[in-house]
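Q: Kindly return the folded structure for what I paste below:
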Amino acid sequence: MNNRPVLEILPQSVTGFFNEWQPRILALLSLSSQIALLLLGNRRKYKAEKWLRSILWVAYSPEDLIVAVFVGILSDCQGNGENPSQQLQAFWMPFLLLHLGGPDTITAYSSEDNELWKRQIPQILLQFGWAASKILRTSWKGKLLNILAGLMFLAGLSKSCEKTLFLKSGSKGHLRKPHPVARPADDTDSPDDTDSHVSSSISASNTNVDPTCRCPGHIYTDIVLEPEGNRPSFPDDVLEWDRPNRPIYPDTVLEWNRPNYAAFTRGCDFNGTPGCHCSCPSESEECEIVNIPSPESEKSEEVIIPSPPSRNKTIPDADLLEKADQFFPKFKRLFADVALYWTDLEQSKSFFQNISSAEAYQVVEIELGFMYDVFYAKRVAVYDEFSFLLRFINLLVSISVLLSFWIIDKHEFQYVDLIITWLLLVEAILQEIYCIILMCSSERTENWLNKRKKTGMTRIYQAISSCRVPFLFPDKKRWSDSMGQCSLLSNSLENFHIVVWKMLSEVWNFCISLMSEMLSEIWNFFSICLEDEDCSKNSSVVRVPKFLKILIFEQLHEKSRTASNNKKTKKFSAHKGESALENMKCFSELGWSLGEEFDENILLWHIATELCYYADLKRNYSISVENSNCKASKLVSDYMLHLLVNRPNMLPNGMGEIRFRETCDEARKFFLSGNIKDKIQACEKLLQVNTKNRQPKEKEEKNCMSVLFNACLLAQSLQLLEKEMEWNREKKWEMMSDVWIEMLSYAASQCPSNQHAEALGQGGELLTHVWLLMAHFGLTEHSQGPRTCNRVSLLRLQNADEQSGCGSGFSSFPWEFLCS
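A: Okay, the predicted model is just below:
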């Protein structure tokens, strides 16, 4: 038998058809993927559907593989460069390289892609270098086609490099670096104008500032207006701002962080010099954050730096947009686990304590929308000159290539290849136009226009924004504004009804075990694993109601007012419901239900909440059930169980999934023995369980992790509060809602930052919004509070220059430096 290649086993017509259509199929696949990413890439910002993430993954993943296979096909056909079809197919290569850069709507599918940005560099060098060598070695008749391919090749290279830069900017290493925000080039207040408005008069004996209010490590100065001729002068290198672009408002108290001590002490000898006092406060001294009154208003309790008034009334929510843009550069470091300056927290805390809950949530939504752009999209705006210029150059190049290809003699090319070529050209032009419209109508551009009084540019913005067709362009929603719901009782009851179906499915799965193993890996990636199907099918999604947001805001607002220092702040962040029980004076009765295992606490209170809810519902207590605290308790209870079952990585480490399954199994057995078929009947039977001789958290078996009957004991204890402590039902539900909101806050503070980042790409989570809202209220563990002094403090008294003999550059001013 003669040895023949494997491909010769197939008929010659089949192999010829495959070789002819292989590059065409690859080009169409790349084109389809690019269109899907362009139209759907930004929609996952406010849509949590799994089918959307599946489509995006299928469109995002194979781009590198398509280019590699296409270049390989070109190298196989290198000897047939005189073939017109292969000449035109080689012209497609720059367009596939252009697709590697991707549209502005998506740069990364997950946050891990940003951490692997360094891999993009060798990939770009290899792919573009290999493609360039193959294109240049291909013998083409038309010189104009060579020039057109070269132009598109450069456009694709620029987009790929730009994508790599955006991936780098979304990595944690880049977020950890301090990035001073530069003042806009054409801002209304230039640095010179700012200096002309303000002069410093610093005195250690100023009666307006209580010396006991001073915190180590910071200089407190009174900003006053003085005539230009009377302004004191001092070296610029002495006053070194921690954030040079920080806005200066006259007649307010500012804090200057990190003064340049080296410049101050240059040429001075403080060893025994008269007029200089050395002191080292004890490390046990506790420094509290104190709001210092303004010289103009001694009666005011705190200084609030007002946001500048909106300058462009055509921009919706312009003031909140500008405030969110001001907070964003500081608070985005939370996603990199970087501690925030306590001065930034105090400024944010003062602002959020004096606005409504709706405005607070709107500022948080805008900031998280900006953060989504950092991780998953190209955050471009009109004022970004490089990005704006690059898109217009790529647009002009694409239009020029299309017009030039129009005049080329095309009679040698096949009709199918011409159609694909025209599709690639038109798609390249429409993609640039699409991205320019998105860029001109983005919130960053709106904020930039809000700071300027340019009616002409505003009209252009309105005209471009009107081009956003709802079907083609994503909505301006910032997140899904929804919360998942999962009920343990519903899961147990429904599983009871489908026992027969599960038995049949197990037999079927056993028969096709090999195939199911292969498919399960794919299904697991799409988050529709067969193993979790019983849990996820009982999960639903509801919109986050306004009253729930208000309850969360009010509790965080109250805690922020009582958190006077960093120690108390961390204490509040560690509460899992204990504070709510202590405030209602029922900790001795219910404190046992809040143990160390957070997942166990969630299951206990979830089952108890459902039992109390349906018990009140059966008694026709419609007023109690319709109460906002009752609704909030039920919503947060189901939401926390949804996180425990479907998003366990967002909660503290534990054995929640095992506890959930064992509790469901025990509930299923209990319902099966009593022939229970609905929730109200199930709750009635569970509340009738005899728990008199049962100790709290007692286990039925040694290795049993079910919490069903402990939850029954907790529910009965909650119901007894109405009799023993003479509570009404409204007070009971108020206490339960406070416990659930405290548990929600604890879960938000303990959730890893990378999980918050992942949630942004899946429609957003209420937990992430609560986390950032807590940070704005100062209730975060990632804060750098004022430290106790462990270094010598230098106190220079007024007129000490005459006695110390220091240099003259700044000796005429009284200074107080307190080193942290």
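
Q: part of a helix, is Ile437?
A: Yes: Ile437: assigned to a helix according to DSSP: H, G, I helix; E, B strand; the rest coil.

Q: Surely it is in contact with Val469?
A: No: using CB atoms under 8 Å, Ile437 is not in contact with Val469; the gap is 9.7 Å. Just so you know, the C-beta spots here come from the backbone N, C-alpha and C atoms, and that holds for glycine as well.

Q: for the chain, longest helix please?
A: Looking across the chain with DSSP state H, the single longest helix is helix 12-40.

Q: tell me the phi and psi of Gly102?
A: With angles defined as degrees, to the nearest 10, Gly102 sits at phi 70, psi 160.

Q: Kindly apply the preceding question to Gly484 instead.
A: Per degrees, to the nearest 10, the backbone of Gly484 is at phi -70, psi 150.

Q: okay, and for the stretch 401-550 of the chain, where does confidence drop off?
A: In the predicted model of the stretch 401-550 of the chain, residues 453-456, 494-539 satisfy pLDDT under 70.

Q: what about 90?
A: 407-414, 436-478, 489-540 (pLDDT under 90).

Q: just the helices in it please.
A: If DSSP state H, counting those that start in this stretch is used as the criterion, the helices of the stretch 401-550 of the chain fall at 415-440, 443-450, 455-465, 488-497, 499-511, 513-525, 533-536, 546-562.

Q: Identify the residues contacting the closest residue in space to Glu554 that isn't next to it in sequence.
A: What sits nearest to Glu554 in space, not counting adjacent residues and going by CB to CB, 6 or more residues apart in numbering, is Ser357, at 7.4 Å. Ser357 makes contact with 549-550, 553-554, according to CB atoms under 8 Å, 6 or more residues apart in numbering.

Q: Can you give me the distance of Ser357 to Ser579?
A: 20 Å (CB to CB, to the nearest Å).

Q: Buried ones in the longest helix of the chain, by neighbour count?
A: Buried positions in helix 12-40, judged by neighbour count with 16 or more other CB atoms under 10 Å: 23-24, 26-27, 29-31, 33-40.

Q: same thing with stretch 667-678?
A: So stretch 667-678, judged by 16+ other CB under 10 Å, has buried residues 667-668, 670-671, 676.

Q: quick one: which of those sit in helices?
A: Judged by DSSP H, helices contain the following of those: 667-668, 670-671.

Q: Adding pLDDT and distance to Pro94, write the residues you listed out as TSV.
A: Listed next are these as TSV, based on pLDDT from 0 to 100; distance: CB to CB, whole Å:
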residue	pLDDT	distance to Pro94
Ala667	89	62
Arg668	88	61
Phe670	87	67
Phe671	86	65
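
Q: from what I can see Ile55 touches Ser33, true?
A: No: with contacts counted by CB under 8 Å, Ile55 stays clear of Ser33, the gap being 9.8 Å.

Q: So, low pLDDT: which residues of the stretch 701-820 of the chain?
A: Applying pLDDT under 90 to the stretch 701-820 of the chain picks out residues 701-710, 719-730, 778-820.

Q: which residues in it form strands?
A: Using DSSP state E, counting those that start in this stretch, the strands of the stretch 701-820 of the chain run over 783-784, 793-796, 816-817.

Q: Just the buried ones from the contacts of Ser357?
A: Among those, the ones that count as buried by 16+ other CB under 10 Å are 549-550, 553.

Q: Give me the below-cutoff pLDDT ranges for the stretch 101-250 of the chain.
A: Scanning the stretch 101-250 of the chain for pLDDT under 90 picks out 102, 119-120, 123-150, 173-250.

Q: give me that answer again for 80
A: 131-143, 178-250 (pLDDT under 80).

Q: where do the helices sit along the stretch 601-750 of the chain?
A: Using DSSP H, counting those that start in this stretch, the helices of the stretch 601-750 of the chain run over 622-625, 628-646, 656-674, 679-687, 708-724, 729-750.

Q: Would you tell me which of the ones you listed gets closest to Phe405?
A: helix 628-646 (50.5 Å; CB to CB).
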